[in-house]
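K.L.:
quick one, what's the 3D model for this:
(chains A, B and C)
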Amino acid sequence: MLNNRYIKSEWLLILALLTALLVSVRFGAVDINNDEIFSALKKTFAGDTLTLNERIFMHIRLPRAVLCVIAGAALAVGGVLMQGLFRNPIVEPGLVGTSSGAAFGAAFYFVMGSVLKLSTGQWTLPVAACAGGMVSTALVYLLAPQGNGSKNSAVPLLLTGIAVNAVFLSGVGFLSYIARDPQARSITFWSLGSLSGASWDVCLIVAISTLTCCLAALYFAKQLNALAIGEDEAMLLGVNLNRLKVSVLVINVVMVAVATAFTGIISFVGLIVPHLLRLVKGADNRSLIIHAALLGGVVLSIADLTARMLLRPVELPIGIVTSIIGAPVFIYLLRRKSYYF
Amino acid sequence: MKGTKLIPVIVLMALCGCGRFGNKDAKQNTSNRIVCISKQYNEIIFTLGAQQNIVGVDLSSIYPAEVQKLPNVGYHRGLSIEGILSLKPDLVIHDNNVGPENVMKQIADLKIPVKNFTKDGDSIEGTKALIREIGAYFHKEQAADSLCKQLDSQMQAALANAKQYTDTPRVAIIHFGRIGTGQYLVMTNHGTAAQIIKWAGGQPAIEAEKGMMPLSAEVLSKSDPDVILVTDFGFDKLGSAEKVMELPGVADTKAAKNHRIYRVWEHDLVYLGPRTGEIILNYQKLIHNTSNAQ
Amino acid sequence: MLTAQHITYSIGEKTLLNDVSLAFEPGQMNLIIGANGAGKSTLMRVLSGLCAGYTGEVLYDRRNIRLMKENELAVNRAVLSQQVEVAFPMSVGDVVMMGRYPHFSQMPSKADRQICHDAIRLFELEKLTNRNYMTLSGGEKQRVHFARVCAQIWDTGQQACRYLLLDEPLTFLDIHYQLDLMEKLSLMLRNNRLVVLGVLHDLNLAIKYAHHILLLHEGRIIAQGTKKEVLTAENIKTAFRIEPKIVTDEMKEIIYLLI
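P.N.:
Numbering: from 1, shown residues only, chains lettered A, B, ... in the order given. As a prediction, this is how the structure comes out:
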């Protein structure tokens, strides 16, 4: 369907995204009907006071739906970038330290926050998680041996990433171990991911980081394409490899760390969306980035809707939903006969 | 004939009247729909008979049984704001043991009142103060008062009863949480469970820095308890005392060899409440070697 | 013209290239031959600008390539590597278009698209333009890369001198395409502003098409010049450890080696 030559696939995905947005905004644990939605919007722009349901819509439901779209885009585009950089379709955006570092940052805040008298404002946790993600990735980059001009110089980066991940994750384990019970629970739930912290402030921050990073990613799309035929070939086509690697890593870590700081760790979206798109649309990174930004938003919106509605009023952590759906989808994709390996 | 039949009816009406009597008072709080996220508060509220406006509770609130009939907003550290709001509360009560962090703030931002009780229910005195505070809030001062007196007398009876036992059995408590790391935990010499064991005349077998630690063969064999208590959720997951013996390190303990592995209710152990005195008496019978009773 | 002066390249204890100096003129077929491990591919990497750890100078028309940025090199110089591993499935057209990447920043121009089209036609790949590269045979893939590198340095009349380096380009091709390709290269060389330099294993093909041969042995040049000068019985024996029968024509030009 995405390859129909009469309807441009971007439009199809935009339509899907708008539909997903409408559905996630319409349904939730609290019953808000269409009239209330319209009047909420009208009153907000008119500056009138809103009823409770209208406030729930404007301050809880709507920002959450918007955050789903933006965070989904961030994760999916991050996946495109990382898969392009490592020339490997089985790479998640958080692989090079970002996810584990963010988890460590969050765990550190939960457990040591009171000891170190860290501020308990609403931004301390996201800042800690974001910083953790960035420090971890920087560490991976600095520790990884430089490729010696061979065709696989991204592999040392990947392997160093695995090692650094292990260190940070055991750090999280250690912090969980010394934590008091409530703190340990906080770590667990944060690691499973949740969009419930969404507010308009959060949406603004994540939107700014995601938009700038996506635009920057588009700039490097052509160079990433060249990388697909090999590092040497890319260099011979005029690509400065080191600059490309650093740029892509920086764009990815900023985009993913900022999103993860507010949503916790959500797996599979950054893995499956680019993968799927590549099977359907081909490997041109420019096209992939645009499609992934849209499809990522759709996927995360659907996942969040499921998380919120399946057992309402209880809410499942979204990481569980994406894993339960993502893993079988991934296995299915691997087994397709027309798969290229 | 009419007279004798009338008496039970009058008594019944009086009793009902007592219940409604509390309602007819102008309430200090005028909330009609309350979501209460705390197992300790909920037990006290229900025991005081003040539960008519409670419309939602959390997953861990399971005592008394009526509590479980109410809608559930999820695990207290993984709350969903819309989930709470879907019950249309005009007041949310919690005990500061809730998460994620943003939920209560978001509820407060929506101008829905959020309340904590100030008294700390970690000791018997604290629990009594808490009972009185809750009683005052729901205008059940009389019930609160009598509950405190009952708690006092039950505690005294329990402690007096303890004197008849000469032994101090070492007791280990194994716990499996409803939502947790997937590991069995042991409750240590800190916390409410340890206090209850001590009142029951026992000795918590595991000493540690924190209130709970992961179960391992080492931990158990070092402590070699005389009695092992397993909380309900975990015991039911395993199925039987024999299965409990398959957990790491259990089979070698004195408790296992003497078949002194028992199932207990989690909600009896993790917080102090109206029934604590009664609970202690039961535990005394459980953990002491009855041949030591005089 | 492509010149190299006193190139020495060592990795650790091993010296891969030892004081190599050469000059390749445009308009003629320059070929490098030698046994396995002689240093041919290493020399190609140095001459193409992929390697940096060598001593000595490589000059493209008197410009030292060490001072040139990747993109500057890429607009005039194309390299066909021995083996190209494509990581993701993409269409043939997309692969060929990559040859034009050094020439546009974000989107290809009409001229770029025309050049790709012409390159695809030149190598008879029109029917395969939209095919998934992964589904092609080894020979077809090779031709796709040929089209790509030719598109990279397509003559637009604006360049000074262009450089085409080919590292064992005939590996997967059948005899028809081997000859076809060498003919195409010869045609391209009619344009005086193109330096072609290739590594070939097939000595007879080298004889047929080369104007200038460079014989490498253990990192050193043991002979360079015309066929007659280089392909002496002694040189061949030293380099390849074989003793073929050299077949010459009336003019004493070598036309064939019988092995």
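K.L.:
and the end-to-end length of stretch B:253-272?
P.N.:
29 Å (CA to CA, to the nearest Å).
K.L.:
not counting stretch B:185-200 itself, show me its contacts.
P.N.:
Contact with stretch B:185-200 is made by B:122-123, B:155, B:158-159, B:162, B:171-177, B:203-204, B:206-215, B:219-220, B:268-272, B:276, B:279-280, B:283-284, B:286-287, as judged by CB atoms under 8 Å, 6 or more residues apart in numbering or on different chains. Where C-beta positions appear, they are placed from N, C-alpha and C, glycine not excepted.
K.L.:
out of the residues you listed, which are close to chain A?
P.N.:
The residues of the contacts of stretch B:185-200 that also fall near chain A, by CB under 8 Å from any CB of the partner chain, are B:210-212, B:214.
K.L.:
could I have the PyMOL command that selects the buried members from the contacts of stretch B:185-200?
P.N.:
Buried residues within the contacts of stretch B:185-200, by 16 or more other CB atoms under 10 Å in any protein chain shown, are selected in PyMOL with:
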select buried, chain B and resi 155+158+159+162+171+172+173+174+175+176+177+203+204+206+210+211+212+213+215+219+220+268+269+270+271+272+276+279+280+283+284+286+287
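K.L.:
among the ones next to chain A among the contacts of stretch B:185-200, which ones are in strands?
P.N.:
B:212, B:214 (DSSP state E).
K.L.:
which two of the ones next to chain A among the contacts of stretch B:185-200 have the greatest separation?
P.N.:
The most widely separated members of these, counting by CB to CB, are B:G211 and B:P214 (12.5 Å).
K.L.:
so which bits of chain C are right by chain A?
P.N.:
So chain C meets chain A at C:48-51, C:69-75, C:77-79, C:81, C:84-91, C:94-95, C:98-99, C:101-102, C:105-106, C:132, C:134, C:152 (CB under 8 Å from any CB).
K.L.:
should've said the stretch 1-150 of chain B
P.N.:
Proximity of the stretch 1-150 of chain B to chain A (CB under 8 Å from any CB) is limited to residues B:56, B:59, B:71-75, B:77-87, B:97, B:99-103, B:105-106, B:109-112.
K.L.:
what about A:G121, how many residues nearby?
P.N.:
8 (other CB atoms under 10 Å in any protein chain shown).
K.L.:
roughly how far does it sit from B:D109?
P.N.:
Applying CB to CB, to the nearest Å, the value for A:G121 to B:D109 is 14 Å.
K.L.:
A:L227 now?
P.N.:
A:L227 is 47 Å from B:D109, by CB to CB.
K.L.:
B:D122 too?
P.N.:
With CB to CB as the criterion, B:D122 and B:D109 are 30 Å apart.
K.L.:
same check, this time on B:K128
P.N.:
Distance from B:K128 to B:D109, by CB to CB: 35 Å.
K.L.:
neighbour count winner among the two?
P.N.:
It is B:K128, of B:K128 and B:D109, that has more neighbours when counted by other CB under 10 Å, with 22 against 13.
K.L.:
distance-wise, check the more buried one relative to B:N97.
P.N.:
20 Å.
K.L.:
now C:D155
P.N.:
Taken as CB to CB, the span from C:D155 to B:N97 is 76 Å.
K.L.:
got a list of what A:V254 touches?
P.N.:
A:134, A:209, A:213.
K.L.:
then A:L95?
P.N.:
So A:L95 contacts A:82, A:158, A:161, A:165 (CB under 8 Å, 6+ apart).
K.L.:
mind listing which of these are in helices?
P.N.:
In helices, defined here by DSSP state H, the members of the contacts of A:L95 are A:82, A:158, A:161, A:165.
K.L.:
residues near the second one, how many?
P.N.:
Yep, that's A:L158 we're talking about. A:L158 has 18 nearby residues by other CB under 10 Å.
K.L.:
which residues touch it?
P.N.:
By CB under 8 Å, 6+ apart, the neighbours of A:L158 are A:86, A:88, A:91, A:95-96.
K.L.:
what's the pLDDT at it?
P.N.:
For A:L158, the model assigns a pLDDT of 86.
K.L.:
cool, and the last one?
P.N.:
pLDDT, A:N165: 93.
K.L.:
distance of it from C:N71?
P.N.:
Per CB to CB, A:N165 is found 35 Å from C:N71.
K.L.:
between those two, tell me which one has more neighbours.
P.N.:
Using other CB under 10 Å, the more surrounded residue of A:N165 and C:N71 is A:N165, with 21 against 15.
K.L.:
need the contact list for the more buried one.
P.N.:
Taking CB under 8 Å, 6+ apart, we find A:N165 in contact with A:95, A:97, A:99-100, A:136.
K.L.:
who in the stretch 101-250 of chain A is up against chain B?
P.N.:
Counting by CB under 8 Å from any CB, the stretch 101-250 of chain A sits next to chain B at A:122, A:125, A:176-178, A:180-182, A:184-186, A:188-190, A:194, A:196-197, A:199.
K.L.:
again, 6 Å this time
P.N.:
For the stretch 101-250 of chain A, the residues found near chain B under the criterion CB under 6 Å from any CB of the partner chain are A:182, A:185-186, A:189, A:197.
K.L.:
most centrally placed residue in chain C?
P.N.:
C:L166 (1.8 Å; CA atoms, centre = their mean).
K.L.:
touching, C:S91 and C:N130? I think so.
P.N.:
Yes. Counting by CB atoms under 6 Å, C:S91 touches C:N130, with 5.3 Å between them.
K.L.:
more crowded one of the two?
P.N.:
Ranked by neighbour count (other CB under 10 Å), C:S91 and C:N130 place C:S91 first, with 18 against 9.
K.L.:
count the neighbours of C:M182 for me.
P.N.:
C:M182 - counted by other CB under 10 Å - has 22 other residues nearby.
K.L.:
and for C:S41?
P.N.:
Residues lying near C:S41 (other CB under 10 Å) number 17.
K.L.:
so how far is chain B from it?
P.N.:
C:S41 sits 54 Å away from chain B when distances are taken as CB to the nearest CB, to the nearest Å.
K.L.:
could you pull out the strands in the stretch 101-250 of chain C for me?
P.N.:
C:162-167, C:194-199, C:212-217, C:220-225, C:245-248 (DSSP state E, counting those that start in this stretch).
K.L.:
please apply the same query to chain A.
P.N.:
With DSSP E, there are no strands along chain A.
K.L.:
what's the pLDDT at the residue of the stretch 1-150 of chain A at minimum distance from chain C?
P.N.:
Closest residue of the stretch 1-150 of chain A to chain C, CB to the nearest CB: A:R87 (3.8 Å). Note on A:R87: pLDDT of 90.
K.L.:
how many neighbours does it have?
P.N.:
Neighbours of A:R87 (other CB under 10 Å): 22.
K.L.:
find the nearest non-adjacent residue to it, please.
P.N.:
Nearest non-adjacent residue to A:R87, counting by CB to CB, 6 or more residues apart in numbering or on different chains: C:A87, 3.8 Å away.
K.L.:
for the one you found, phi and psi?
P.N.:
phi -80, psi -30 (degrees, to the nearest 10).
K.L.:
isn't A:P126 right up against A:T260?
P.N.:
No. Between A:P126 and A:T260 there is no contact under CB under 6 Å: 9.1 Å.
K.L.:
and chain B, what are its domain boundaries?
P.N.:
Chain B breaks down by automatic domain parsing into domains covering B:29-145, B:166-292.
K.L.:
the ones you listed: lowest mean pLDDT?
P.N.:
domain B:166-292 has the lowest average pLDDT among the domains of chain B, namely a mean of 81.
K.L.:
pull the residues that contact stretch A:234-248.
P.N.:
A:81, A:85, A:220, A:223, A:226-227, C:70-71, C:74, C:79, C:101-102 (CB atoms under 6 Å, 6 or more residues apart in numbering or on different chains).
K.L.:
of those residues, which is the most crowded?
P.N.:
Neighbour counts for the contacts of stretch A:234-248, by other CB under 10 Å, peak at A:L81, which reaches 32 neighbours.
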